[in-house]
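Student: Below: sequence and its predicted model.
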Amino acid sequence: MGYQDVYDSWKSDPEGFWMQAAEAIDWEKKPSKALSDLGDNMYEWFADGMTNTCWNAVDRHVENGRGEQTAIIYDSPITHTKREITFVELRNRVATLAGALRAKGVEKGDRVIIYMPMIPEALEAMLACARLGAVHSVVFGGFAANELAVRIDDAKPKAIIAASCGLEPGRVVHYKPLLDGAIDLADHKPDFCVIFQREQEVAELKEGRDFNWHGFQYGVEPADCVPVEGNHPAYILYTSGTTGAPKGVIRHTGGQLVALNWTMKNIYNVDPGDVFWAASDVGWVVGHSYICYGPLIHGNTTIVFEGKPVGTPDPGTFWRVIEEHKVKTFFTAPTAFRAVKREDPTGEYVKKYDLSCLEQVFLAGERADPDTIVWAQDQLQKPIIDHWWQTELGFPGVCNPVGIELLPVKLGSPSVPLPGYEMKIVDDAGNELPRGELGAIVTPLPLPPGTFPNLWNAEDRYKKSYLTNFPGYYETGDAGMIDEDGYLYIMARTDDVINVAGHRLSTGGMEEVLADHPDVAECAVIGVSDSLKGQMPLGFLCLNAGTEKPHDEIVKEVIKLVREKIGPVAAFKLCCVVDRLPKTRSGKILRGTMVSIADGKEYKMPATIDDPAILDEIKLALQGLGYAKG
């Protein structure tokens with residue numbers, strides 16, 4: 001069957017399609033039906049089935065004779081460490097950790113926050129939670145203390161599992177002080193913390209609360225897998241990198257198992273036993289779906305890589321890992337390829353390695369610009385597949401389905417909708433637009449299994465954020481168009497979220513931080529194009545009358561504030577002082593126009609602008625920062 005046949009089979013019988021896909025999962029009790037309509041545009045998949053994620057990701061492969069197959073390859077050029085963990089070793093390690101958590105009172109439904117770097121123990125912690133039916137929430141290692149505190153207060157974890165530190169090229173990131181600071185700031189306090197001590201930094205443990213990872217597990221009874229309902233939350237993943245209330249995306253157990261397993265062959269074109277590598281981080285949805293769960297559920301070998309695309313030690317790192325570990329499918333972000341391209345434009349490092357094992361490369365996390373795709377195509381001589389999805393969706397919504405049929409690649413498009421999605425372009429009133437016209441991207445409800453059924457303890461916000469503007473549809477928050485062949489083009493965000501090296505960050509959240517400075521009267525943050533990170537935040541400050549402090553001093557202070565409040569992930573380094581901001585007569589700041597000026601693009605003078613002369617002042621300020629060159 002080709003793509004169109006598979007897509008049509010889903011469209012003609014969506015529930016039958018996913019029930020058939022569910023046959024590939026081990027169920028303690030098979031679901032009686034695929035979809036439950038809860039009313040008011042709320043749905044659940046496989047709700048009355050009973051299963052366990054850890055059983056499907058680990059134990060069943062041991063039971064089926066694959067115990068000696070490598071489950072996890074750990075490759076850390078930062079620590080010069082490589083090791084392999086088989087499925088049987090992984091089962092034993094996870095069962096012991098789960099047993100230790102259970103002995104300290106962690107049960108089905110309890111939340112556990114995981115705050116770890118890219119080490120195998122991060123996956124073991126996730127799987128140990130899944131084994132018990134506990135709900136994990138992985139927080140990106142090194143996130144600022146107050147950001148972690150907000151997540152602690154929202155998830156209310158019984159336990160936190162952390163590492164003593166993370167490692168960046170040339171520096172150690174101290175996790176334990178951040179964790180201690182977060183717990184001090186949070187109203188909710190965990191019962192206990194488990195700390196994996198890394199040799200690069202041994203952290204001081206707080207007596208009575210903190211336990212050493214190894215000592216904690218000594219002498220405990222290993223835990224068996226606890227069957228949970230198909231609609232039991234597997235995890236909470238917070239999408240927002242802002243100072244506002246975070247959005248806790250939840251993922252149901254049954255739907256995640258079915259959807260991720262289906263994607264491994266049909267999208268990523270790997271068979272059980274093949275090596276699959278997603279060069280991401282466990283703190284992101286890619287890390288959940290395609291470092292931890294997807295590959296292991298499907299019986300693939302997954303790679304946990306602790307390094308960077310360049311500098312650990314050179315721009316040949318990706319190719320070294322692919323050759324050495326026989327990677328069949330590689331998945332990374334366009335940002336990573338841009339960094340490699342910048343250091344090795346002619347592909348001298350590519351030529352040093354035998355990449356004959358590699359069959360396809362997937363890019364996601366932000367829009368893959370045509371230049372980067374063409375460079376990768378030229379250097380690797382493999383299919384380079386851009387594909388689109390979101391934290392909320394959990395797996396690709398639009399993609400060239402290589403495992404079903406490799407469709408023609410169109411630069412600038414992530415290709416076609418996958419089963420479960422019927423992308424439409426609508427105007428502000430929800431009317432469907434003709435092919436080729438730009439509008440909001442939506443897809444009809446229900447969303448497929450494996451997507452988010454709700455937000456953690458925030459159903460009203462879920463409905464308001466995603467379901468209200470276009471009744472009967474899921475609002476993606478992206479704008480784009482569909483061409484005559486049905487290919488989707490994602491053009492921009494429809495709100496003020498910018499994408500910095502794969503991190504979705506709200507400019508509104510940064511503005512909140514800037515506005516907190518005592519000398520700042522008004523401010524705006526926009527996302528400007530950046531050749532390496534995709535976008536970078538750029539701030540404009542209007543100061544209070546009578547402020548005597550030098551402008552450059554205030555700029556330094558607000559940059560420091562953003563780093564403290566949101567974290568280094570915001571990459572906030574560009575900021576300038578201006579007399580006033582361009583606005584409409586109603587007071588709305590013209591951020592879109594400012595972005596166009598910064599990126600050197602043509603723009604139409606907004607009809608409602610209050611004072612057009614302000615745009616010339618903004619352009620001068622941007623030129624002072626090296627922008628607005630067009």
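Tutor: Right, received. Where do you want to start?
Student: Going C-terminal from the helix or strand of the chain with the lowest mean pLDDT, what's the next secondary structure element?
Tutor: Within the chain, judged by mean pLDDT, DSSP states H and E, the helix or strand with the poorest mean is strand 503-506; its value is a mean of 68. As assigned by DSSP states H and E, the chain's next helix or strand after strand 503-506 is helix 507-515.
Student: how close does the residue of the chain most remote from its centre sit to L127?
Tutor: Farthest-out residue of the chain from its mean C-alpha position, per CA atoms, centre = their mean: G546, at 43.8 Å. Relative to L127, G546 is positioned 59 Å away (CB to CB, to the nearest Å). Where C-beta positions appear, they are placed from N, C-alpha and C, glycine not excepted.
Student: What of G307?
Tutor: Distance of G307 to L127, computed by CB to CB: 23 Å.
Student: who has more neighbours, those two?
Tutor: Taking neighbours as other CB atoms under 10 Å, G307 and L127 compare with L127 leading, 25 against 22.
Student: which intervals of the stretch 151-300 of the chain have sub-threshold pLDDT?
Tutor: 240-245 (pLDDT under 70).
Student: Swap in 50 and give it another go.
Tutor: 241-243 (pLDDT under 50).
Student: Which pLDDT value belongs to P582?
Tutor: pLDDT, P582: 89.
Student: Near it, how many other residues are there?
Tutor: The number of residues packed around P582, counting by other CB under 10 Å, is 25.
Student: cool, and W262?
Tutor: The local packing of W262 (other CB under 10 Å) involves 27 other residues.
Student: Also the one 4 residues further on?
Tutor: Applying other CB under 10 Å, we find 19 residues neighbouring N266.
Student: Contact partners for the residue lying closest to it once chain neighbours are set aside?
Tutor: Using CB to CB, 6 or more residues apart in numbering and skipping the chain neighbours, the partner closest in space to N266 is G403 (4.5 Å). Remark: with contacts taken as CB atoms under 8 Å, 6 or more residues apart in numbering, G403 is in contact with K265, N266, I267, Y268, N269, V270.
Student: separation between the closest residue to the fifth one other than its chain neighbours and R209?
Tutor: So the one you mean is N269. In space, and not counting its chain neighbours, N269 is closest to G403: 3.9 Å by CB to CB, 6+ apart. Using CB to CB, G403 is found at 47 Å from R209.
Student: repeat for F470
Tutor: Counting by CB to CB, the gap from F470 to R209 is 47 Å.
Student: Look at those two and report which has more neighbours.
Tutor: A direct count of neighbours by other CB under 10 Å for F470 and R209 places F470 higher, at 20 against 14.
Student: quick one: that one and V426 touch, right?
Tutor: Yes - look at F470 against V426 with CB atoms under 8 Å: they come within range, at 6.2 Å.
Student: Now list whatever residues contact both of those two.
Tutor: By CB under 8 Å, 6+ apart, F470 and V426 have these common neighbours: A440, V442.
Student: Assign a three-state SS to the residue nearest to N269, would you?
Tutor: With DSSP: H, G, I helix; E, B strand; the rest coil as the basis, the three-state label of G403 is coil.
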